[in-house]
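Asks: Next input, structure requested:
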Amino acid sequence: MSLTIAVINGPNLNLVGVREPAIYGCRPLADYLRELAASLLPGVVLTTFQSNHEGAIIDELQRVGFTVDGIVLNAGGYTHTSVAIADAVRAITAPVVEVHISNVNNREPYRRVSMLREACVATISGQGLDGYRQAVETIIHLKSHEGN
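Replies: Numbering: from 1, shown residues only. Sure thing, here's the model as predicted:
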């Protein structure tokens, strides 16, 4: 199996490991994603991108969204506000799995609203950094059953 999966992270996710460790943990996200990429089956390639800027996230979705086999998207705070990112997800052909490190349904009321959820094939929330692995596995499973 040969697959390329893009991981796209939004604002403040570059601070996971130091930002609010009671919510997001003490392990840097970049370290986790490197280890995840190294643990994948041969032929499965993981690329990563992070930006604190909404337009850069949209640009990256548009850049990779017609060529990769799937996208893992943690849009951070933009999850709750960005119709533009949701529209970009709808515009591309790659399936997108929405990920949240914390359980957004157990947090502030505004975090329970996702502008992205309806545009994504799945949402994984509250699984810590392991949610990224689960999202990658969701895409692998989806792609392995395409056309069956």
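Asks: CA atoms for contacts and neighbours, from now on please.
Replies: Will do.
Asks: out of everything not next to it in sequence, what's closest to residue 4?
Replies: Using CA to CA, 6 or more residues apart in numbering and skipping the chain neighbours, the partner closest in space to residue 4 is residue 45 (4.7 Å).
Asks: and that neighbour, that one's in a strand?
Replies: Yes: according to DSSP: H, G, I helix; E, B strand; the rest coil, residue 45 belongs to a strand.
Asks: Next, find the distance separating residue 39 from residue 85.
Replies: From residue 39 across to residue 85, the span is 30 Å (CA to CA, to the nearest Å).
Asks: So for the two, which sits in the more crowded spot?
Replies: Under the neighbour definition other CA atoms under 10 Å, residue 39 and residue 85 were set side by side, and residue 85 has more, 22 against 11.
Asks: Let me know the pLDDT of residue 110.
Replies: Residue 110 carries a pLDDT value of 78.
Asks: from memory it sits against residue 78, does it?
Replies: No: Residue 110 lies out of contact with residue 78 (CA atoms under 8 Å); the separation is 11.4 Å.
Asks: residues making contact with the helix or strand of the chain with the lowest mean pLDDT?
Replies: Within the chain, confidence by mean pLDDT, DSSP states H and E is lowest for helix 21-24 among all helices and strands, at a mean of 86. With CA atoms under 8 Å, 6 or more residues apart in numbering as the test, helix 21-24 has contacts from 16, 17, 101, 102, 128.
Asks: hey, which helix is longest across this structure?
Replies: Looking only at the chain and at elements set by DSSP state H, the helix with the highest residue count is helix 130-144.
Asks: Low-confidence stretches in this protein?
Replies: Residues of the chain meeting the criterion pLDDT under 70: 147-148.
Asks: Quick one: the helices in it, in order.
Replies: Using DSSP H, helices in the chain cover 21-24, 29-39, 54-64, 83-91, 130-144.
Asks: Compare these and report which one is nearest to residue 70.
Replies: helix 130-144 (6.0 Å; CA to CA).
Asks: and the closest one, how far from the chain's centre?
Replies: 11 Å (CA atoms, centre = their mean, to the nearest Å).
Asks: do stretch 60-70 as well
Replies: 13 Å.
Asks: what do you get for stretch 40-47?
Replies: 16 Å.
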